[in-house]
Structures are given as C-alpha cells and as structure tokens.
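Student: heads up, no residue letters with this:
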C-alpha cells in the first residue's frame with residue numbers, strides 16, 4: 001500500500017477512476033467528487049475533506065482516524081462500513097441525509113451545523129456527542145446510547161427516551177418536546 005503524506009488533492013473527480021489505494025496522512029482533499037465512487041480499503045489519518053461530495057461512496061474497511069469533514073455532501077453514506085479501529089472524525093456544515101451510523105461507537109464526536117434528515121443512529125454509542133445547531137428531522141434513534149450527549153442547539157429532534165439511553169443528555173426547552181411526540185400531546 002502506498003504511503004502519501006502532506007499532499008493536497010484539489011478539484012479531482014474520482015467518480016469513474018478511483019483514488020489510488022494508500023495510507024493518506026495529513027492530506028487535504030478539496031472540492032473532490034467521490035460520489036458513487038470507491039474509497040474502500042483506504043487509510044486516512046489526520047486528513048481534511050473540504051467541499052467534497054462523498055455521497056453513496058463505497059467506504060468499506062477504510063480507516064478514518066482524526067479526520068475532519070467540512071462543507072461536505074455525504075448523502076446515503078454507510079459509516080458502519082468503515083473500519084471501526086481507532087475511528088475518530090468530526091463533521092462541520094455537512095449534509096448527512098439518509099446516512100447510516102448503525103452500531104458504531106462514536107463517543108465524544110462533534111457535529112456542527114450538519115443536516116441529518118432521516119439518518120440512522122440505531123444501536124450507535126453517541127455518549128458525550130455534540131450536535132451543535134444540527135437539523136435532526138426524521139433521524140432514527142433506537143437503542144442508541146445518548147448519555148451526556150448535547151442537543152441544546154439541535155432542532156427537529158424526535159426520539160423515544162424509553163428506547164434509548166438518554167441519562168444526563170442535554171436538551172433545550174423547545175427540544176425536549178421531541179421526546180414527547182409518541183404521546184401525541186398538545187402543548188400550548
């Protein structure tokens with residue numbers, strides 16, 4: 001496997017030709033299109049993806065260690081396909097609609113200004129996670145560990161506290177209404 005360090009990839013299209021297999025360290029991917037492409041069996045350590053489209057990319061067995069995604073489109077991405085060894089990443093102003101984090105352990109993860117429309121967090125451990133100004137409309141939380149997670153600035157959140165572990169999770173007064181939806185209450 002090739003070792004690639006401290007390189008910048010700008011404006012590249014990897015939808016038809018794949019990113020060469022390798023161990024990428026301290027690399028920057030800017031305005032690259034990986035949509036429906038192949039990012040499987042890659043190692044990314046301390047890399048940054050900015051303004052990239054990773055929608056529906058194949059990320060099976062890839063390693064993401066200390067990776068930052070900023071202003072990226074990641075529709076339908078199956079994060080559970082990643083190699084979960086030392087998995088650690090952050091998302092800022094990303095669109096993660098219809099993505100899936102099924103069964104992952106993502107303690108202390110930070111999501112800022114992200115959209116998670118109909119995203120699946122089933123069986124995910126999001127202990128101490130931060131959802132800062134995130135849209136969680138239709139996001140699926142079932143058997144999810146949300147202990148000490150911070151949803152104070154998140155909006156459109158709806159989850160059943162009886163089907164998730166929410167001990168010491170933080171919600172705004174408005175956000176707490178999303179915990180009561182299953183009871184079909186009228187709150188005025």
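Tutor: Received it, and whenever you're ready, just let me know what you need. For clarity, every value in this text was computed on a predicted model and none was experimentally measured. Numbers count the residues shown, from 1 in each chain.
Student: Please count neighbours and contacts with C-alpha atoms only from this point.
Tutor: Noted.
Student: Let me know the average pLDDT across stretch 17-28.
Tutor: Stretch 17-28 shows a mean pLDDT of 96.
Student: now the strands for the protein?
Tutor: Ranges of strands in the chain, per DSSP state E, are 2-5, 8-10, 22-25, 28-30, 43-45, 48-50, 63-70, 83-92, 110-112, 130-132, 150-151, 170-171.
Student: Adding distance to residue 99, write those out as JSON lines.
Tutor: Listed next are the strands of the chain as JSON lines, based on distance: least, CA to CA, whole Å:
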{"stretch": "strand 2-5", "distance to residue 99": "28"}
{"stretch": "strand 8-10", "distance to residue 99": "25"}
{"stretch": "strand 22-25", "distance to residue 99": "24"}
{"stretch": "strand 28-30", "distance to residue 99": "21"}
{"stretch": "strand 43-45", "distance to residue 99": "20"}
{"stretch": "strand 48-50", "distance to residue 99": "17"}
{"stretch": "strand 63-70", "distance to residue 99": "14"}
{"stretch": "strand 83-92", "distance to residue 99": "13"}
{"stretch": "strand 110-112", "distance to residue 99": "14"}
{"stretch": "strand 130-132", "distance to residue 99": "15"}
{"stretch": "strand 150-151", "distance to residue 99": "19"}
{"stretch": "strand 170-171", "distance to residue 99": "23"}
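Student: and of those, who's closest to residue 123?
Tutor: With CA to CA as the criterion, residue 123 lies closest to strand 83-92 of those, at 14.2 Å.
Student: Show me which residues of the closest one are buried.
Tutor: 83, 84, 87, 88, 89, 90, 91, 92 (16 or more other CA atoms under 10 Å).
Student: and of the strands of the chain, who's closest to residue 161?
Tutor: strand 170-171 (12.3 Å).
Student: The closest one pairs with which strands?
Tutor: strand 150-151 (parallel) (DSSP bridges).
Student: pLDDT of the strand it pairs with, averaged?
Tutor: On average, strand 150-151 scores 97.
Student: Distance from the chain centre to it, please.
Tutor: Strand 150-151 has its C-alpha centroid displaced from the chain centroid by 15 Å (CA atoms, centre = their mean, to the nearest Å).
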